[in-house]
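S.K.: sequence and predicted structure are below.
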Protein chains: 2
Amino acid sequence: MRATLIHGPADIRLEDVPDPHVRRPTDAVVRVVASCVCGSDLWPYRGVRPTPDPRRIGHEFVGVVEEVGADVRRVREGQFVVAPFTISDGTCRHCRRGVHTSCEHVGWWGAPDHEGIPSDGGQGERVRVPLADGTLVATPEHPSPELLPHVLALSDVMGTGHHAARAAGVVPGSTVVVVGDGAVGLCGTIAARRLGAERVVVMSRHATRQDLARSFGATDVVAERGAEGVAAVRDLLDGTGADAVLECVGSKESMQQALDTARPGGTVGFVGVPAGGPELPVQQMFSTNVGVRGGIAPVRAYLPELLEDVWAGSIEPGWVFDLTLPLAEVAEAYRAMDERRAVKVMLRP
Amino acid sequence: MRATLIHGPADIRLEDVPDPHVRRPTDAVVRVVASCVCGSDLWPYRGVRPTPDPRRIGHEFVGVVEEVGADVRRVREGQFVVAPFTISDGTCRHCRRGVHTSCEHVGWWGAPDHEGIPSDGGQGERVRVPLADGTLVATPEHPSPELLPHVLALSDVMGTGHHAARAAGVVPGSTVVVVGDGAVGLCGTIAARRLGAERVVVMSRHATRQDLARSFGATDVVAERGAEGVAAVRDLLDGTGADAVLECVGSKESMQQALDTARPGGTVGFVGVPAGGPELPVQQMFSTNVGVRGGIAPVRAYLPELLEDVWAGSIEPGWVFDLTLPLAEVAEAYRAMDERRAVKVMLRP
């Protein structure tokens, strides 16, 4: 079969690799129907994170179960499934608390698992899925072509945006600022409205993303950044800032923007992979009582409720995909996202 | 009258100063019945924070109203009152949200107010109280000598410990770790139990403080620190760490201890004045989903509910006072706390 490997900065290749098969009785093999490129895939693509050796890449996919191991009980051959971006057993104490990303047997697509066996990446034709019962969520039936992008968005960005909103404590009536107009920020907008936010201010300088944010329920858009952006947000929100801020970028500047646009006593929910430095300004947090919560999103925990809403048509996160390419053009998919010609690219085998 | 001034490191003096009087119609004058020394008073005492000029000090006191300005409505002459450690108007948008420490007219005992008029410190015989209606809380009647220490503890440490527990999200059934066995940590123990925590592990190496923590409801005590302390906490708490950690010190080491003893997805509630550095490790927070919330405690917001419990005898935070001295010996009070001969010192004029 064919699968995507990253060899180094700006070096993405689709290559022939061995077909996956069930290696453990808890495995399944899934034929990928759609996958996509994540903003975090751009870190190694841009050389921000090193790639010492060529490796499989891609951690967002949906598809059809082709084979299951003898111990798999909750999914079966022929089912359509969503794979969240981490592998988890679903039974350990962390999974039971909904923190599947801290699972005792957590695994990462494209990386060796807890016993050193390499996992497949999601940007390929097939994937061996370890701990299939814990990891995969089956859809009620095979999705229509119209529904497919919305289901695919559940593998990462919709659950991640939802995690930002939950971590930030969004409740009915909340005022919200979203920092970041990428796919996660846009899904965070959906999530904030879904949780009842009254005002959702999206910080964005791109007209098409602004329009998409408004279609997702943003009530206001602020194009300014830095001190001007903070002033513009405060003008909109009673002079004080937001109850909840969703930090969906991961840079030092975006985190500072998030902290500065929260009202005293507010909360920043952060889901951007931190790439801008290891520090948060504790003195500012102390004097303003602005809290910071969040992290890598336990998407698996949120999949059932969000899938229900996607299936009912009440949320449509798949509109974040503004470009669809065949898997053969995966390198172009990375280029398009790197150059910000696309918000998010869907890949079809 | 006499009041305490700090002239520099280890230089505390009781001096004659002008009697306070009502300067604005919203002022009151309070005769101090008891005051105390705060852990944060030790920062300038130890030279960690500079003291460029001699200044009044002390921000925790209770007393009797002697005089009120023409616009004061909620307190009256002769009432016994508790003063929280910040001055606030009680009516602005931040106060209405319970973040009195971010009041638009916030003021600090011993410092110039928002119009540059100097305020008195709490470690004196009398205090002019700006914004008396917003700041002061009257007790149902004058407290008995037995009740006095518990009421005095409401001016700071009990409310601050409660803020740590609230910020950390303590709910019925929570597992809790308290980092810091000073007066705030000990009051945090009371607060955690009051909010329904099932397990409260206090990290302490001092036998008398351990005993006090147990009398306040601690279920376990861990004397180890660093990696050994983390391991000991995890052994007690299902191998994972605590749902909620109360950081009640403010050093870089104590914050790291707090982050390391929280379970994945847990929360650190921090109230220690940050003295150990401006950074929080965002990468660790991201990978573990451990949040950090808290800051300077809006004690005024919590005073009514905590005063009710003190009055009913259901909490007794005043046991943190293990030494009582006359105001004339205020310098010795600082020495005793600096040398850790006392947890907290009460001063009587």
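M.R.: Arrived safely, thanks for sending.
S.K.: shouldn't A:Asp238 be in contact with B:Arg93?
M.R.: Yes. The criterion here is Cβ atoms under 8 Å, and A:Asp238 meets it with B:Arg93 at 6.3 Å. C-beta coordinates here come from the backbone N, C-alpha and C atoms, glycine included.
S.K.: ok, the two, which is more surrounded?
M.R.: B:Arg93 (15 against 12; other Cβ atoms under 10 Å in any protein chain shown).
S.K.: let me know the pLDDT of the more buried one.
M.R.: pLDDT for B:Arg93: 95.
S.K.: so it touches A:Arg234, yeah?
M.R.: No. B:Arg93 sits out of contact with A:Arg234 when judged by Cβ under 8 Å, with a separation of 11.6 Å.
S.K.: in which helix or strand would I find the nearest residue to A:Ala328 once chain neighbours are set aside?
M.R.: With Cβ to Cβ, 6 or more residues apart in numbering or on different chains as the criterion, A:Ala328 has its nearest non-adjacent residue at 6.1 Å, and that residue is A:Leu14. Taking DSSP states H and E as the criterion, A:Leu14 maps to strand A:11-16.
S.K.: what's that strand packed up against?
M.R.: Under the contact criterion of 3 or more Cβ pairs under 8 Å, 6 or more residues apart in numbering or on different chains; DSSP states H and E, strand A:11-16 touches strand A:2-8, helix A:330-338.
S.K.: what does the stretch 1-150 of chain A put close to chain B?
M.R.: Neighbours of chain B within the stretch 1-150 of chain A, by Cβ under 8 Å from any Cβ of the partner chain: A:93-94, A:97-99, A:101-102.
S.K.: about what we covered before: what residues are shared contacts of B:Arg93 and A:Arg234?
M.R.: Common neighbours of B:Arg93 and A:Arg234 are listed as A:Thr240 (criterion: Cβ atoms under 8 Å, 6 or more residues apart in numbering or on different chains).
S.K.: can you pull the contacts of the residue nearest to A:Ile296 when sequence neighbours are not counted?
M.R.: Closest residue to A:Ile296 in three dimensions, ignoring its sequence neighbours and counting by Cβ to Cβ, 6+ apart: A:Thr101, at 4.6 Å. The contact partners of A:Thr101, by Cβ under 8 Å, 6+ apart, come to A:86, A:88, A:295-298, B:264, B:289.
S.K.: how much space separates A:Leu325 from chain B?
M.R.: 30 Å (Cβ to the nearest Cβ, to the nearest Å).
S.K.: again, but for A:Arg205
M.R.: Distance, A:Arg205 to chain B, using Cβ to the nearest Cβ: 25 Å.
S.K.: do I have it right that that residue meets A:Ala223?
M.R.: Yes. Proximity of A:Arg205 to A:Ala223 meets the contact threshold set by Cβ under 8 Å, at 4.8 Å.
S.K.: give me every residue in the stretch 151-300 of chain A lying close to chain B.
M.R.: So far as Cβ under 8 Å from any Cβ goes, the stretch 151-300 of chain A lies against chain B at A:167, A:238-240, A:255, A:263-265, A:267, A:270, A:273-274, A:277-283, A:285-296, A:298.
S.K.: can you flag which of the residues you listed belong to helices?
M.R.: A:167, A:255, A:282-283, A:285-288 (DSSP state H).
S.K.: identify the residues contacting A:Tyr141.
M.R.: Quick fix: residue A:141 is Glu, not Tyr. Neighbouring residues of A:Glu141 by Cβ under 8 Å, 6+ apart: A:Phe80.
S.K.: pLDDT value on it, please?
M.R.: Looking at A:Glu141, the pLDDT reads 97.
S.K.: in what element of secondary structure is it found?
M.R.: Under DSSP H and E, no helix or strand contains A:Glu141.
S.K.: ok, now A:Ala244?
M.R.: strand A:242-247.
S.K.: and A:Arg300, by the same measure?
M.R.: Going by DSSP H and E, A:Arg300 is in helix A:299-312.
S.K.: from the contact counts, what lies against that helix?
M.R.: Contact here means 3+ Cβ pairs under 8 Å, 6+ apart; on that basis helix A:299-312 packs against strand A:137-138, helix A:148-152, helix A:157-167.
S.K.: which strands and helices sit next to the shortest one?
M.R.: Contact here means 3+ Cβ pairs under 8 Å, 6+ apart; on that basis strand A:137-138 packs against strand A:80-83, helix A:299-312.
S.K.: by proximity to chain B, which residue of the stretch 51-200 of chain A wins?
M.R.: Nearest to chain B in the stretch 51-200 of chain A, going by Cβ to the nearest Cβ, is A:Ser102, at a distance of 3.4 Å.
S.K.: quick one: that residue and B:Gly196, what's the gap?
M.R.: A:Ser102 is 25 Å from B:Gly196, where distance means Cβ to Cβ, to the nearest Å.
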